[in-house]
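Chemist: quick one: sequence plus predicted model below, questions after.
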Amino acid sequence: MSRFDLFNWWKSGKKKISFRSIPRPTILIAFIFALLFLIYSNNFAPIVQTTDMARSLGLLHDRLAKIDATMLEEEKCEPIHKLAFAKTHKTGSSTLQNIIFRFGDNYDLNFALPENSWMFSLKTPWNASLVETLPAASLGPYDIFAFHSVWNYDEVKKVLPKAKFITILRDPVDCYESNYVYMGLQNAFKMDINEYAHLKAYHNPVRRSHAFIGKDQLLWDLGMNWRELENKTLVDKKIAEVDDQFDLVMFSEFFDESLVLLADLMCWKLEDVRYLTQNARKKEGKIEIKPDSREILSAWLSADYKLYNHFKEKFEKRIDSYGRERMKKDVAALKKLNEELSKQCVLAVGDNSILKGEFRMAVNSVEGYVINTTIPWCSSYARSEPSYSVLIRKKQMIKVGLKMGENKYSTLSKEERQRILQIMRTKLKVKTSNK
């Protein structure tokens, strides 16, 4: 539970409270007032002997020490391993996905991943049957869902019933412009985003029925189809559903603050959420959106803005509950971790013309990293989404193969089983993840 002000707690009518939820200064003030009340009320003499005061303060110190120990004990928590991420387009989601990949990889977790790709089909809503019969399902319950899909909360919940659910949003106009360029719509329409705003968006066209990039992309990524996006009642209903279903809605514009809240939600260390930015466009590929164009696009993307503004307000309140000063301190610590990471691991930043192997990006318009591979753990921070997906899949297949091998060759001697399993590992030729 995030810390919040005692008065706000009393005002809200909450029935339950724990020492962990009350700031320490509040507890100290409460005990001092209680002590003064006992000293000066009813049968207590108006003047208290110095020795009595010293004794009272000593008792107060002991009591506070016990409470402090209780609070520290309550603050201890185990990292949560079950996580479902509704991945949205061009919101910083690939950077967040890399963080989740690394965490799951390091803890040897079981990913619900596509059978042959780094994303699920974007033609139909996601269905649990897509992963229920895959070999990885034999390894036990799934732990992580973190791939592009046509989001379907009820179906994801079937395979991850106890997971924390998260997603990430971005200012809808900036999000649309990024998709517009990244997905090649600028070339397809033969006009930049400013021309598109005046010549196309101004007339309020609906989203194309089979397009996976288009109007109100955020709500589409969260499961609404093109018809539903035009229905204000259904949009409001969807926002209420997201509000009820997700444990944390993050923001591209407040990425570091979002990661601090994620670490708090999942009981992860800040070191777990440090990162190198993934899939960032080259500077020359960015286009300035003119004010009048932004106004037109904002009106066209009104459904996405309703979603965005609703959760932006909740996000601000969540930071208030976390504590503004505490947040400022933790963001500074995360930035320092990222600076140290970059200094240790990054030799150069550039596009696919200088990138090799698992560090090559899916498209040429974005930048990646030339990594200092003499430090083994650096690679996972810069590994591209397609490459990391392949590594995770092969790693899980090794585990499946070893499990099958242990069962199949259980009657053989220990030495013979080890020899056969080593042959299986060699044939799969899989790199184990860098820890």
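Modeler: Thanks, I have the structure now.
Chemist: tell me the contacts of residue 136?
Modeler: Applying CB atoms under 8 Å, 6 or more residues apart in numbering, one finds that residue 136 lies in contact with 110, 111, 112, 113, 142, 396, 397, 400. Every residue, glycine included, has its C-beta placed from N, CA and C.
Chemist: now do 10 Å
Modeler: Listed by CB atoms under 10 Å, 6 or more residues apart in numbering, the contact set of residue 136 reads 110-113, 115, 142, 392-393, 395-397, 399-400.
Chemist: try residue 93
Modeler: So residue 93 contacts 85-87, 100, 146, 148, 167-170, 221, 250, 252, 278-279, 385 (CB under 10 Å, 6+ apart).
Chemist: now it: how far from residue 108?
Modeler: Distance of residue 93 to residue 108, given as CB to CB, to the nearest Å: 24 Å.
Chemist: from the contacts of residue 136, which is closest to residue 197?
Modeler: Of all those, residue 113 has the smallest distance to residue 197: 37.5 Å, by CB to CB.
Chemist: could you pull up phi and psi at that closest one?
Modeler: phi -120, psi 160 (degrees, to the nearest 10).
Chemist: list the contacts of it.
Modeler: With contact set as CB under 10 Å, 6+ apart, residue 113 has these partners: 101, 104, 119-120, 130-131, 134, 136, 142, 144-147, 389-390, 392-393, 396.
Chemist: can you tell me how far it sits from residue 93?
Modeler: 16 Å.
Chemist: pull out the buried members of the contacts of residue 93.
Modeler: Buried subset of the contacts of residue 93 (neighbour count, 16 or more other CB atoms under 10 Å): 85-87, 100, 146, 148, 167-170, 221, 250, 252, 278-279, 385.
Chemist: can I take it that residue 122 is in a helix?
Modeler: No: counting by DSSP: H, G, I helix; E, B strand; the rest coil, residue 122 falls outside a helix, being coil.
Chemist: that one touches residue 214, doesn't it?
Modeler: No: counting by CB atoms under 10 Å, residue 122 stays clear of residue 214, with 11.6 Å between them.
Chemist: give me the common contacts of those two.
Modeler: Shared contacts of residue 122 and residue 214 (CB under 10 Å, 6+ apart): residue 220.
Chemist: between those two, who's got more neighbours?
Modeler: Using other CB atoms under 10 Å as the criterion, residue 122 and residue 214 rank with residue 214 on top: 20 against 16.
Chemist: surely that one forms part of a strand?
Modeler: No: assessed with three-state DSSP, residue 214 is coil; it does not lie in a strand.
Chemist: who's in contact with it?
Modeler: By CB under 10 Å, 6+ apart, the contact set of residue 214 is 176, 179, 180, 183, 185, 205, 206, 207, 208, 220, 226, 229.
Chemist: likewise residue 384?
Modeler: Counting by CB under 10 Å, 6+ apart, residue 384 makes contact with 94, 98, 118, 278-279, 352, 355, 357-362, 366, 368-369, 390.
Chemist: quick check: the residue nearest in space to the middle of the chain vs residue 262, distance?
Modeler: Central residue of the chain (CA atoms, centre = their mean): residue 96, 5.4 Å from the mean position. Using CB to CB, residue 96 is found at 8 Å from residue 262.
Chemist: what sits in contact with each of these two?
Modeler: Between them, residue 96 and residue 262 have 166, 168, 250, 273 as joint contacts when contacts are counted by CB under 10 Å, 6+ apart.
Chemist: so the second one lies in a strand, does it not?
Modeler: Yes: for residue 168, which was evaluated using three-state DSSP, the result is membership in a strand.
Chemist: secondary structure element for the spatially closest residue to residue 373 that is not a sequence neighbour, which one?
Modeler: Take residue 373 and drop its neighbours on the chain: the residue closest to it by CB to CB, 6 or more residues apart in numbering is residue 379, 6.3 Å away. For residue 379, the host element (DSSP states H and E) is helix 379-382.
Chemist: returning to what we had before: give me the subset of the buried ones among the contacts of residue 93 lying in helices.
Modeler: 100, 221, 385 (DSSP state H).
Chemist: now the stretch 101-250 of the chain, which segments are flagged as low pLDDT?
Modeler: By pLDDT under 70, the stretch 101-250 of the chain has no low-scoring segment.
Chemist: please enumerate the helices of it.
Modeler: Using DSSP state H, counting those that start in this stretch, the helices found in the stretch 101-250 of the chain span residues 129-132, 153-159, 172-182, 185-189, 193-199, 217-221, 232-245.
Chemist: on contacts alone, who are the packing partners of the first one?
Modeler: Translated: helix 129-132. On a contact count with 3 or more CB pairs under 10 Å, 6 or more residues apart in numbering; DSSP states H and E, helix 129-132 meets helix 153-159.
Chemist: in stretch 134-145, what's buried?
Modeler: Using 16+ other CB under 10 Å as the test for burial, stretch 134-145 gives 134, 136, 137, 139, 142, 143, 144, 145.
Chemist: save those as CSV, and put in distance to residue 157 too.
Modeler: Listed next are the buried residues of stretch 134-145 as CSV, based on distance: CB to CB, whole Å:
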residue, distance to residue 157
134, 18
136, 18
137, 16
139, 20
142, 11
143, 14
144, 14
145, 10
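Chemist: quick check on residue 149: phi, psi?
Modeler: Residue torsions, per degrees, to the nearest 10, at residue 149 are phi -160, psi 170.
Chemist: distance of the residue nearest to the centre of the chain relative to residue 195?
Modeler: For residue 96, the distance to residue 195 - CB to CB - is 32 Å.
Chemist: please consider this matter closed, and thank you.
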